[in-house]
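Student: no letters, just coordinates:
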């Protein structure tokens, strides 16, 4: 499967609108988690794998290749993976969504307590 990039057909957009390309890329299993784990700095393959709940090495390798191709991650001469400037920008752009999701989770939890039902 090709790496989603703006200007190329992606899920949700035959013309490859930039937002749809980003959502396609980040919607792939583990992609967003990898970016999130690299926010603090460079990590080696095994450390990154452990931080991502010991995901399979083949999936991690594939996602890293895609993120490198998308210019969000690069490999250092020491073999570690680090966010590029674009990757850091993506992380900053996603922080408000992370904050919103915490409020969303709290709201659902509060509603489920009020109704006596489990939250979805």
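Tutor: Structure received. Note that the structure is a prediction, hence the values are computed from the model and not measured.
Student: what does stretch 20-30 contact?
Tutor: By Cβ atoms under 8 Å, 6 or more residues apart in numbering, the list of residues contacting stretch 20-30 from outside reads 3-8, 10-13, 31-32, 35, 52, 55, 59-60, 63, 66-67, 70, 72, 90, 94. For every residue, glycine as well, the C-beta is placed using N, CA and C.
Student: what mean pLDDT does that stretch get?
Tutor: Mean pLDDT, stretch 20-30: 94.
Student: and residue 47, what element?
Tutor: helix 45-51 (DSSP states H and E).
Student: looking at this, residue 66 is in a helix?
Tutor: Yes - under DSSP: H, G, I helix; E, B strand; the rest coil, residue 66 falls within a helix.
Student: how about the nearest residue to it, chain neighbours excluded?
Tutor: residue 3 (4.4 Å; Cβ to Cβ, 6 or more residues apart in numbering).
Student: flag the shaky bits of this structure, pLDDT-wise.
Tutor: For the chain, the stretches with pLDDT under 70 are 118-120.
Student: check the secondary structure at the closest residue to residue 71 other than its chain neighbours for me.
Tutor: Residue nearest to residue 71 in three dimensions, not counting chain neighbours: residue 86, with 5.2 Å by Cβ to Cβ, 6+ apart. For residue 86, the assignment made with three-state DSSP gives helix.
Student: in this structure residue 86 contacts residue 72, no?
Tutor: Yes - Residue 86 is within contact range of residue 72, at 5.5 Å (criterion: Cβ atoms under 8 Å).
Student: and these two? Which one has more around it.
Tutor: Counted by other Cβ atoms under 10 Å, residue 86 and residue 72 do not tie: residue 72 has more neighbours, with 24 against 13.
Student: so what's the residue nearest to the more buried one when sequence neighbours are not counted up against?
Tutor: Nearest non-adjacent residue to residue 72, counting by Cβ to Cβ, 6+ apart: residue 87, 3.8 Å away. With contact taken as Cβ under 8 Å, 6+ apart, residue 87 is in contact with 35, 38, 67, 71-73.
Student: drop anything exposed from those.
Tutor: 35, 38, 67, 72-73 (16 or more other Cβ atoms under 10 Å).
Student: out of those residues, which are inside strands?
Tutor: residue 73 (DSSP state E).
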